[in-house]
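> here is the input, now give the coordinates:
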Amino acid sequence: MSSEEAAKKILHYEEGENGVEDLTFKRRSSDQKLVAHQPIYGLGKGPSAPNHLVRLARTCRIFNILDHLNFESILDVGGAEGFTAYRAQKLYGCSAMSVDYSLSANKAAGETFGLPNVAIDASFLPFKDNSFDVVLCTEVIEHTKDAAMAILQLARVAKKCVIISTMEATPSQLERAIALRLLHRDWRDGWTQNWFSPSDFHALVGADAKVESQLFIKDYPWNRNEAKLAPEEARQVVRALMGDGDFHHGSEGVLVHWLKDPSCWRTEARHGEESLLNQIVGYPGIENDPTLPQTGRWPEPSLDLMQCPVCWGKLHSGTGDQLLCGNGHTFTQEEGVYNFHPAYLTEHAAAVFEQILQTQVAQLGSRTQAIRKIRNYLTRPRPQPSAIEIKALGLGAKAARFALHPVDAVRFKLGISVSPFQQLPNYKLPNLELPYG
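Have a look, this model is predicted:
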């Protein structure tokens, strides 16, 4: 089986008339419940993807940032079924929109949480500059074919703050280069396409962007039956997963946030870390949430915020369920969701990239050359590495880890540092029977 066929099988992708459709969000359990990406049914409850506590720890890290922001609107790019945007809406009283590449994910966000949505390619966001106070993008940019342009788009449409998370990040450019070489770009949309280092984000987002380690997951017991945990035990695990924010051996991924408008930062938190932890980990699930919309319908996206993702022209309603721009670009509605990633979109990538650089020149300043370099590096062809090269790269990665982080690497190699998960009462939980086959 080729790598492309493997990716297609694992991610449940298929080709449709309008490009690639993610079948994950079409999956239903035997009782016709949505098989969710996020823990929308409550901790340890399904049907949903496993490892709820890791997902909730990431959410807590993100909401600890939101807790210090003054904002009235949020856009979640790659928001899946809309759980994070919905929780932000309820906790902070803001307007929220969830957008995703998958038509089915957007439909689920509308039907489940009543969120306005459109199907998008993150590299071609159909929104005007400064349309949303906060723009959030979690575990998405590693999957995009043009990650540099996607990150520039996030910064363009944000008014006050950009928050990005990805597990595909290393502390150094050397480790990033090794990780990238172990990938190749023939893999299908949705599979991991990119790795990043902190310097990439400082160039693409902002020189003053804060780049922290996202989670501490060394020796974490994956795929356990988390329903067996008592509430306080679950909170203990999440606290351990959240780590200390510093890059070191045992931490993984990055959480990036950039204040486009520094005046939005507030020193006093709205809820506080413990309150957020209780509300996020203790969410009872959509079947026990009295505030959840019951209609299964959702509002249309506001055209006042939107523009053509190709020429940035004004959009207006056409015949039937269509949106048009003055240059004739057409976007259709399918099952109530506007599709803003038609097949012809990628033909305009170079022109849109240049348009971003020209219109954002005051913000980008001297970073333009570095941005071009990173984009070229991430999008260049990467053929399949040979078996010998894979072995050599693996040894190189270990050598780089010891050379760049000697103290942490030696401590964990010798067992001097004990994983916090080994000290938790239910560290050895039974394995979970996964809802994904």
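> okay, now the residue nearest to residue 145 when sequence neighbours are not counted: neighbour count?
Counting by C-beta to C-beta, 6 or more residues apart in numbering, residue 145 lies nearest to residue 193, which is 5.9 Å off, once chain neighbours are set aside. The way it works is simple: take the backbone N, C-alpha and C, and place the C-beta from them, glycine included. By other C-beta atoms under 10 Å, 23 other residues sit near residue 193.
> all strands for the stretch 51-200 of the chain, in order.
73-77, 95-99, 132-138, 158-166 (DSSP state E, counting those that start in this stretch).
> roughly how far is the second one from the heart of the chain?
In terms of C-alpha atoms, centre = their mean, to the nearest Å, the centre of strand 95-99 is found 14 Å from the chain centre.
> ok, the first one next?
On the basis of C-alpha atoms, centre = their mean, strand 73-77 is displaced by 12 Å from the centre of the chain it belongs to.
> give the partner strands of it in its sheet and their orientations.
Sheet pairing of strand 73-77 (DSSP bridges) gives strand 95-99 (parallel), strand 132-138 (parallel).
> can I get those strands in a markdown table including mean pLDDT?
Formatted as a markdown table, the strands paired with strand 73-77 follow (pLDDT from 0 to 100):
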| stretch | mean pLDDT |
| --- | --- |
| strand 95-99 | 97 |
| strand 132-138 | 98 |
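> out of these, nearest to residue 308?
strand 95-99 (15.6 Å; C-beta to C-beta).
> how about residues contacting that closest one?
With C-beta atoms under 8 Å, 6 or more residues apart in numbering as the test, strand 95-99 has contacts from 72-82, 84-86, 88-89, 106, 109, 113, 115-120, 132, 301.
> still on that earlier bit, thought the residue nearest to residue 145 was touching residue 144?
Yes: assessed by C-beta atoms under 8 Å, residue 193 is found in contact with residue 144 at 6.4 Å.
> dump the strands paired with strand 73-77 into a markdown table; add distance to residue 202 as well.
Converted to a markdown table, the strands paired with strand 73-77 look like this (distance: least, C-beta to C-beta, whole Å):
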| stretch | distance to residue 202 |
| --- | --- |
| strand 95-99 | 26 |
| strand 132-138 | 17 |
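> count of neighbours near residue 352?
Residues near residue 352, counting by other C-beta under 10 Å: 22.
> right, and the helix or strand after the helix or strand hosting it?
Assessed by DSSP states H and E, residue 352 sits inside helix 349-359. Sequence order places helix 361-364 as the next helix or strand after helix 349-359, per DSSP H and E.
> could you list the buried residues of that following helix?
residue 364 (16 or more other C-beta atoms under 10 Å).
> just the CA trace of it, in CSV.
C-alpha atoms of helix 361-364 as CSV (Å, rounded to 0.1, in the frame of the first residue of the first chain):
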residue,chain,number,x,y,z
VAL,A,361,3.7,45.4,4.5
ALA,A,362,3.4,47.8,7.4
GLN,A,363,2.8,44.9,9.8
LEU,A,364,5.4,42.5,8.3
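> please list the outside residues in contact with it.
155, 357, 368, 371.
> which other helices and strands contact the helix or strand just after that helix?
Next in sequence after helix 361-364, counting helices and strands by DSSP H and E, comes helix 368-379. When contacts are defined as 3 or more C-beta pairs under 8 Å, 6 or more residues apart in numbering; DSSP states H and E, helix 368-379 packs onto helix 147-157, helix 198-204, helix 349-359.
> residue 244 - how many residues pack around it?
Neighbours of residue 244 under the rule other C-beta under 10 Å: 9.
> oops, could you answer that again for residue 308 instead?
When neighbours are counted by other C-beta under 10 Å, residue 308 registers 21.
> which ones are touching the nearest residue to it once chain neighbours are set aside?
Sequence neighbours aside, residue 325 is the residue nearest to residue 308 in space, at 3.7 Å (criterion: C-beta to C-beta, 6+ apart). Listed by C-beta under 8 Å, 6+ apart, the contact partners of residue 325 are 307-308, 310-311, 313-316.
> apply 6 Å and report the result again.
308, 313, 315 (C-beta atoms under 6 Å, 6 or more residues apart in numbering).
> any idea what it is bridged to?
residue 315.
> roughly how far does it sit from residue 306?
10 Å (C-beta to C-beta, to the nearest Å).
> repeat that for residue 353.
Where residue 306 is concerned, residue 353 sits at a distance of 20 Å (C-beta to C-beta).
> could you do residue 266 as well?
On the measure of C-beta to C-beta, residue 266 and residue 306 end up 30 Å apart.
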